[in-house]
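Peer 1: got a structure for you, letters missing:
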């Protein structure tokens, strides 16, 4: 499908993409670009990439597909470095967790070549990062949102979608604005909450005792606080407006529940708990059904 794929950021997301796409298309050449020579060398040792490029211009020469899997704050700098060197048929895409800011950065960096940029976001991950965290099956059955731009050619959007399908993913389509509103609620806010809770406990004078007795519920709730601080700093600030709406809504819910606790209003608390349980079980059942569905 692609002769040469260049990946900026060969960690969990970019590395898993390379491993999965290589499995489907073993003749494709994968070139890695990044800030850490050690990390890139490790990616080559693990068979994730075939070659390392230190010069962006050299890296994208002859490339069919270029994936930006670096923190979203680096988008504009990366695109600016390659803009003048993109070949006419090359497609550039990304894997960022925010889209409106990425699109704005792409428009600024690429100018008239914006049609070559097809935004996307794989809804998959784990708290580990770096080349060692990459998995060939990370995207199996997972959603990938393609947030196409009006300027994109239909065949380029389909090429990006086909690449992710080759990785085992299921394609969904949202506008950049729809994407950011949705993920502020179901992804970005949960990360903020997990980081905040663990940080709060870690700062307490008896933190060691608290962590000693923390069990599976705490582990499951806070798993995502093991994610990359740099990446989530960038995501938090990039989707600031939508995230602030969700934070304020959540604070109002906490304040309401605090009042119920203070008043000893068990019936009101149980109603919230029951509604949450019902919604959670329905959501989990839908996920399990989708995973069992053939194809």
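Peer 2: Done, it's in. All of these numbers come straight from a predicted model, not from anything done at the bench.

Peer 1: contacts, neighbours, all on C-alpha from now
Peer 2: OK.

Peer 1: pLDDT wise, what is residue 295 at?
Peer 2: Looking at residue 295, its pLDDT stands at 54.

Peer 1: same thing with residue 71?
Peer 2: 89.

Peer 1: wait, isn't it in contact with residue 233?
Peer 2: No. Residue 71 lies out of contact with residue 233 (CA atoms under 8 Å); the separation is 9.2 Å.

Peer 1: higher neighbour count, the two?
Peer 2: It is residue 71, of residue 71 and residue 233, that has more neighbours when counted by other CA atoms under 10 Å, with 19 against 14.

Peer 1: which residue ranges form the strands in the stretch 51-200 of the chain?
Peer 2: 51-52, 65-68, 91-94, 117-118, 120-122, 143-146, 170-173 (DSSP state E, counting those that start in this stretch).

Peer 1: can you give me the helices in this structure?
Peer 2: According to DSSP state H, the chain carries its helices in the segments 12-24, 37-45, 56-60, 75-82, 100-110, 154-166, 176-183, 189-202, 207-213, 216-222, 229-238, 240-263, 266-292.

Peer 1: just those helices: most buried one?
Peer 2: Ranked by mean neighbour count, these are led by helix 12-24 with a mean of 24 (mean count of other CA atoms under 10 Å).

Peer 1: tilt between that helix and helix 37-45?
Peer 2: 20 degrees (axes from the mean of the first three to the mean of the last three CA atoms, to 10 degrees).

Peer 1: quick one: contacts for the residue nearest to residue 137 when sequence neighbours are not counted?
Peer 2: Once flanking residues are discounted, residue 137 sits nearest to residue 20: 6.4 Å by CA to CA, 6 or more residues apart in numbering. Residue 20 makes contacts with 135, 136, 137, 139, 166, 167, 168, as judged by CA atoms under 8 Å, 6 or more residues apart in numbering.

Peer 1: distance of the last one from residue 270?
Peer 2: By that I understand residue 168. With the distance defined as CA to CA, to the nearest Å, residue 168 ends up 40 Å from residue 270.

Peer 1: how about the fourth one?
Peer 2: When CA to CA is applied, the distance between residue 139 and residue 270 equals 37 Å.

Peer 1: which one of the contacts of residue 20 has the most neighbours?
Peer 2: Result: residue 167 is most packed of these (other CA under 10 Å), 26 neighbours.

Peer 1: and the residue nearest to residue 1 when sequence neighbours are not counted, how many neighbours?
Peer 2: Closest residue in space to residue 1, ignoring its immediate chain neighbours: residue 25 at 7.1 Å, by CA to CA, 6+ apart. Residue 25 has 17 neighbours, counted by other CA under 10 Å.

Peer 1: next, give phi and psi for residue 25.
Peer 2: Torsion angles at residue 25 (phi, psi; degrees, to the nearest 10) stand at phi -130, psi 80.

Peer 1: state the distance from it to residue 170.
Peer 2: 18 Å.

Peer 1: what do you get for residue 84?
Peer 2: 33 Å.

Peer 1: what about these two, which has more around it?
Peer 2: The neighbour count for residue 84 versus residue 170, taken as other CA under 10 Å, is higher for residue 170 (20 against 12).

Peer 1: run a quick neighbour tally on the nearest residue to residue 18 once chain neighbours are set aside.
Peer 2: Closest residue in space to residue 18, ignoring its immediate chain neighbours: residue 48 at 6.0 Å, by CA to CA, 6+ apart. Here the number of neighbours of residue 48 (other CA under 10 Å) works out to 29.
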